[in-house]
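In: Pasting the sequence and the predicted coordinates here, then a few questions.
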Amino acid sequence: MNIANLAPGEQENPSALSVFRRSLFRRKEVFVSTVVATVVVNVIALATSLYSMQVYDRVIPRSGFATLWVLTVGILFALLLDFGLRTTRALMIEREAAKIDAEVSEYFFARAQAIRLDARPPGVGTMAGQLRGWEQVRSLLSSGFIFLLTDLPFAIFFIVVISWLGGVIALVPLAFLPVALVFGLIFARLIRADTAKAQLSGNRKNGLLVESLDAAETVKANGGSWFMLERWTRQLDEIQLHEDPVKRWSSIATSTFSLLQQIAYVLLVAWGAVRVAQGELTMGALIACTILAGRINGPLVAQLPGFLVQWGYARSSLKSLDDMLALPLDRPAGATSLRPDRVEPSVQLDNVRFTYPGSRSGIEIPALQISAGERVAIIGGVGSGKSTLLRLMSGMFAPATGEVTLGGLDIAQIAPDILRRDLGYVPQDMRMLNGTLRENLLLGLGDRNDAAIMAVIEELGLAPMIASHPRGLDLPIAEGGRGLSGGQRTLAHLARTFLADPDLLLLDEPTANLDEAAEARVLEGLKKRAAPGKTLILVTHRMRLLSLSDRVIVLQNGRVALDGETDKVMAAFRDAVSARPSRPAPKQATA
């Protein structure tokens, strides 16, 4: 399922409910079949009550055992049919629910992947918990909920039948059914706010769990276990604070509906007994009415408490999913992408401004042009905006205002596969995916043979790691690249980029985790690939890598402070640093 499959006008920012509704509508034939099966099941329930009435009113008074056997055989056949229909109905619903489960989860997963990196919520674990909210909505698609909807019309029908069999005693279920529904609406309003808060707290707890596991080394190294435990306990207390009212009202609702069910039964039997004594109702008809009343107050009313709690959580989940669906995408839905045969490796920024959410500082570049074939180094202090500028050039971030063009084309309009084919981006924070080394090296490529892979691996000095493992290129990689050193992860990412051989290379501190020997190999590999017509843009603090560049851009506070030939800019940069007033030396303590 993709965005294009949604109803017209919903492609850009569809609601979560419309996604589920669309998936359900695609299977309307199956649900129509389940409704038909439910009709037959309820008709059979009517037959069992009529069977009881005939036995008590005709068979027992007249000793009509021949009639009894005929009726019994017929009702047993009906019960077998009821069993078959119920089983088939349940299997059909669960099978289609599993398909809806897969389809909807695929849609939300793809949608989450398509959210712009700069627009993502800061907490990965919290976002994952928010994304899993579709499971709460999915639970409402279970067979119990669907049966609840299909059984409700039959509650009205059974009241009509009770009126036909027992006359005025039908007023008892007629009065208690709306009373139960009104109580249901009241309880739903009482738990609405707390279910939403409990859902939000649960997402935060999930975020804290992911954070604590991901940052376990940092936590242990800094003795932060007690701090994280205190945060975890506080989060549990917050969840309990909001879940307790939900559980309390749910228990009260269960008891209330049970009381209503029992009162309705007692009143029906008492009133019916009076009418039997007055000769206005037969004993068999009274028994049949009580059976039908049980079908109204039993399965239907008994499911209301659980349904109310599920609906409360589903409402908050739909709100969370709507918030996620409202986030901007890398490519606006329905937009036409450009697919040129080749994108010229030149970059231009015009009136580009970018600010992180909740921050005042950011990037502001009135004009910047990097021509094809240039080799540019970007330097500057910590927090000067170097990595942010590289993300804007790579299309990972979108500017708040202005335009970033690649080869004269708006980078936001270039098809993703074409953009990643001609542009190689290696971020500073390099993470690897759970799988094998081969899968990580061929991520997004898939058409490189082992000879090409081994050539790059040997060039970057990764061959000993491959040779020392019995599975070679298929050595397992843990989530995030755990088990490999920072330098090995860096070299693996560079190997993948070298395999892709793009015309535009964007590298963010490519040798930060490498020793001198490994850095020298990477330097030689970059020189080899900096062929005429290919563009190299790198962020670095290593003076050694400046030998690759013929142009240096110095960033300061998100703006271009210096830009020009490497030698001239570095000389001016050194002069500017040496011209800064030095701080006075601290006074020595005297004995």
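Out: Right, received. Where do you want to start? Predicted, not measured: the structure shown is a model, and the values here were computed from it.
In: Let me see the contact set for Val59.
Out: Contacts for Val59 (Cβ atoms under 8 Å, 6 or more residues apart in numbering) come out as Phe65, Thr67, Leu68, Leu71. Heads up, the C-betas are built off the backbone N, CA and C, glycines and all.
In: Could you check which helix or strand contains the third one?
Out: Using DSSP states H and E, Leu68 falls within helix 65-114.
In: so how many other residues sit close to Tyr265?
Out: 18 (other Cβ atoms under 10 Å).
In: does Leu538 count as helix, strand or coil?
Out: State at Leu538, reduced to three classes by DSSP: H, G, I helix; E, B strand; the rest coil: strand.
In: Could you report the distance from it to Ala520?
Out: Distance of Leu538 to Ala520, given as Cβ to Cβ, to the nearest Å: 16 Å.
In: thinking again about what came up before, and the contacts of Val59, which of them are buried?
Out: Leu68, Leu71 (16 or more other Cβ atoms under 10 Å).
In: Pairing-wise in the sheet, spell out the partners of Thr535.
Out: On the basis of DSSP bridges, Thr535 is bridged to Leu504.
In: Make 99 the starting number, not 1.
Out: Noted, 99 is the first residue going forward, which turns the last one into Thr633.
In: May I ask you to confirm that it is in contact with Gln467?
Out: No - in this structure, Thr633 is not within contact of Gln467 by Cβ atoms under 8 Å, at 11.6 Å.
In: Quick check: neighbours shared by those two?
Out: Contact criterion Cβ under 8 Å, 6+ apart; residues shared by Thr633 and Gln467: Ser444, Val445.
In: Nearest to Arg193 among the contacts of Val157?
Out: Comparing the contacts of Val157 against Arg193 with Cβ to Cβ places Leu169 closest, at 35.9 Å.
In: Just give the closest residue to Met491, not the sequence neighbours.
Out: Spatial nearest neighbour of Met491, chain neighbours left out: Val445 (5.3 Å); criterion: Cβ to Cβ, 6 or more residues apart in numbering.
In: Tell me how many other residues crowd the one you found.
Out: By the measure other Cβ under 10 Å, the count of residues near Val445 is 25.
In: thought it was touching Gly506?
Out: No - using Cβ under 8 Å, Val445 is not in contact with Gly506, being 10.4 Å away.
In: Look up how far Ala208 lies from Ala424.
Out: In this view, Ala424 and Ala208 are 16 Å apart by Cβ to Cβ.
In: Tell me which stretches of this protein form strands.
Out: Secondary structure of the chain by DSSP state E: the strands cover 445-453, 460-468, 473-478, 499-504, 507-508, 521-524, 533-534, 574-575, 602-606, 633-637, 649-654, 657-663.
In: just so I know, which of those strands lies nearest Lys417?
Out: When the strands of the chain are compared by Cβ to Cβ, strand 445-453 sits nearest Lys417, at 27.0 Å.
In: So which other helices or strands are in contact with that closest one?
Out: Contacts defined by 3 or more Cβ pairs under 8 Å, 6 or more residues apart in numbering; DSSP states H and E place strand 445-453 against strand 460-468, helix 484-492, strand 499-504.
In: Stretch 250-259: which residues count as buried?
Out: Within stretch 250-259, the residues that count as buried by 16+ other Cβ under 10 Å are Phe252, Ala253, Phe255, Phe256, Ile257, Val259.
In: okay if I get those as TSV plus distance to Asn304 and pLDDT?
Out: Listed next are these as TSV, based on distance: Cβ to Cβ, whole Å; pLDDT from 0 to 100:
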residue	distance to Asn304	pLDDT
Phe252	40	76
Ala253	39	79
Phe255	45	82
Phe256	44	84
Ile257	46	85
Val259	49	86
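In: Pull the contacting residues for the residue positioned nearest the centre of the chain.
Out: By Cα atoms, centre = their mean, the chain has its centre lying nearest to Leu229, at 2.6 Å. Leu229 is in contact with Phe206, Phe207, Ala210, Leu419, Met422, counting by Cβ under 8 Å, 6+ apart.
In: Thought Ser203 was touching the fourth one, still the case?
Out: Same thing as Leu419. No - contact criterion Cβ under 8 Å: Leu419 and Ser203 do not qualify, at 11.5 Å.
In: These two: who's more crowded?
Out: The neighbour count for Leu419 versus Ser203, taken as other Cβ under 10 Å, is higher for Leu419 (25 against 16).
In: Helices of the stretch 199-348 of the chain, start to end?
Out: Here the stretch 199-348 of the chain has its helices, by DSSP state H, counting those that start in this stretch, at 222-229, 232-237, 241-264, 269-312, 314-319, 323-375.
In: Tabulate these (JSON lines), appending distance to Ser147.
Out: JSON lines is the format used below for the helices of the stretch 199-348 of the chain (distance: least, Cβ to Cβ, whole Å):
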{"stretch": "helix 222-229", "distance to Ser147": "47"}
{"stretch": "helix 232-237", "distance to Ser147": "32"}
{"stretch": "helix 241-264", "distance to Ser147": "8"}
{"stretch": "helix 269-312", "distance to Ser147": "13"}
{"stretch": "helix 314-319", "distance to Ser147": "63"}
{"stretch": "helix 323-375", "distance to Ser147": "13"}
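In: Low-confidence stretches in the stretch 249-398 of the chain?
Out: Residue ranges of the stretch 249-398 of the chain with pLDDT under 70: 249, 315, 395-398.
In: still on that earlier bit, out of the contacts of Leu229, which end up buried?
Out: Using 16+ other Cβ under 10 Å, the buried ones in those are Phe206, Ala210, Leu419, Met422.
In: For Met151, state which of those residues is nearest.
Out: Leu419 (50.2 Å).
In: re earlier: can you read off the pLDDT for the residue nearest to Met491?
Out: Predicted confidence (pLDDT) for Val445: 94.
In: do Ala687 as well
Out: Among the per-residue scores, Ala687 shows a pLDDT of 42.
In: ok, back up a step: can you list the strands of the chain in a markdown table and add distance to Ala362?
Out: What follows is the strands of the chain, written out as a markdown table (distance: least, Cβ to Cβ, whole Å):
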| stretch | distance to Ala362 |
| --- | --- |
| strand 445-453 | 63 |
| strand 460-468 | 66 |
| strand 473-478 | 77 |
| strand 499-504 | 66 |
| strand 507-508 | 68 |
| strand 521-524 | 68 |
| strand 533-534 | 60 |
| strand 574-575 | 63 |
| strand 602-606 | 71 |
| strand 633-637 | 74 |
| strand 649-654 | 76 |
| strand 657-663 | 76 |
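In: Ser485: how many residues sit nearby?
Out: Neighbours of Ser485 (other Cβ under 10 Å): 17.
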